[in-house]
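Asks: how would this look folded up:
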Amino acid sequence: SILLDSLLQETTLPTMHSVLTRANALVAYTMSVLASLTFLCFVSTFFNEYQVNANIDTVKVVVKNVPDYAAGKEKNDLGFLTFDLQADLNPLFNWNVKQLFLYLTAEYETPNNKLNQVVLWDKIILRGENALLDYRSMNTKYYFWDDGNGLLGHKNVTMTLSWNIIPNAGNLPRITSHGKHSFSFPEAYTTSRVM
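Replies: Just a heads-up that it's a prediction; the model follows:
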């Protein structure tokens with residue numbers, strides 16, 4: 001009888017886990033699987049090259065000297081321009097790209113500042129939308145202010161199309177297109193109404 005009692009004590013079943021313990025294990029396993037799949041999504045498109053060619057051209061370029069009331073009452077240069085932009089951005093989209101944030105910048109150098117960058121235009125393109133850009137004589141979306149008189153007669157202003165890729169999973173790269181366009185501002189201020 002002692003032998004039978006000791007055998008029965010050794011073969012007792014373990015106690016069952018509670019519902020909360022089981023739910024915790026299930027949620028932890030599910031999160032591990034989802035994190036692994038998200039990482040595989042990121043790695044599968046990490047080495048893609050997101051570069052395309054963009055054709056940029058200026059149509060009309062003028063400069064005025066007007067008061068900038070946001071920065072004081074002194075007169076600053078304000079550039080006005082219209083531009084043409086052609087680019088096929090369809091190759092940038094894959095299953096990990098949610099949207100593109102495009103922006104057109106102008107870069108130039110003045111005696112006051114080694115590098116001036118001004119965003120002139122931007123656009124968001126969602127996956128599934130038309131990603132073929134063909135704009136003619138477009139006005140800038142934002143003002144082209146200089147913090148002084150650096151635009152008048154400036155000979156080397158470079159326009160560049162860049163974009164951020166907004167992915168489903170992964171990093172947020174800033175990419176510049178292959179095409180750039182350089183232009184110069186006129187030597188005299190315009191007094192006529194522009195645009």
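Asks: CA only for contacts and neighbour counts going forward, please
Replies: Noted.
Asks: of all residues in this protein, which one is nearest the centre?
Replies: Per Cα atoms, centre = their mean, the C-alpha nearest to the average position across the chain is that of Asn164, at 2.2 Å.
Asks: confirm it sits in a strand?
Replies: Yes: with DSSP: H, G, I helix; E, B strand; the rest coil as the criterion, Asn164 is assigned to a strand.
Asks: hey, C-alpha coordinates of stretch 19-30 in PDB?
Replies: What follows is stretch 19-30, C-alpha atoms only, in PDB (Å, rounded to 0.1, in the frame of the first residue of the first chain):
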ATOM      1  CA  VAL A  19      -7.200  31.800 -19.000                       C
ATOM      2  CA  LEU A  20      -5.100  35.000 -18.600                       C
ATOM      3  CA  THR A  21      -1.900  33.100 -18.700                       C
ATOM      4  CA  ARG A  22      -3.000  31.400 -22.000                       C
ATOM      5  CA  ALA A  23      -4.100  34.700 -23.500                       C
ATOM      6  CA  ASN A  24      -0.800  36.300 -22.600                       C
ATOM      7  CA  ALA A  25       1.100  33.500 -24.300                       C
ATOM      8  CA  LEU A  26      -1.000  33.700 -27.400                       C
ATOM      9  CA  VAL A  27      -0.700  37.500 -27.700                       C
ATOM     10  CA  ALA A  28       3.100  37.400 -27.100                       C
ATOM     11  CA  TYR A  29       3.500  34.700 -29.800                       C
ATOM     12  CA  THR A  30       1.300  36.700 -32.200                       C
END
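Asks: isn't the residue nearest to the centre of the chain up against Leu104?
Replies: No: under the criterion of Cα atoms under 8 Å, Asn164 makes no contact with Leu104, lying 11.8 Å away.
Asks: buried set for the longest helix seen in the chain?
Replies: For the chain, the helix with the greatest residue count under DSSP state H is helix 19-46. Residues of helix 19-46 classed as buried under the neighbour-count rule (16 or more other Cα atoms under 10 Å) are 41-42, 45.
Asks: would you map the helices across the protein?
Replies: 2-10, 19-46.
Asks: okay if I get the ones you listed as JSON lines plus mean pLDDT?
Replies: Listed next are those as JSON lines, based on pLDDT from 0 to 100:
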{"stretch": "helix 2-10", "mean pLDDT": "62"}
{"stretch": "helix 19-46", "mean pLDDT": "88"}
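Asks: dump those into TSV; add distance to Thr191 as well.
Replies: Below are the helices of the chain laid out as TSV (distance: least, Cα to Cα, whole Å):
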stretch	distance to Thr191
helix 2-10	101
helix 19-46	51
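Asks: closest one to Tyr142 among those?
Replies: Closest approach to Tyr142 among these (Cα to Cα): helix 19-46, 32.8 Å.
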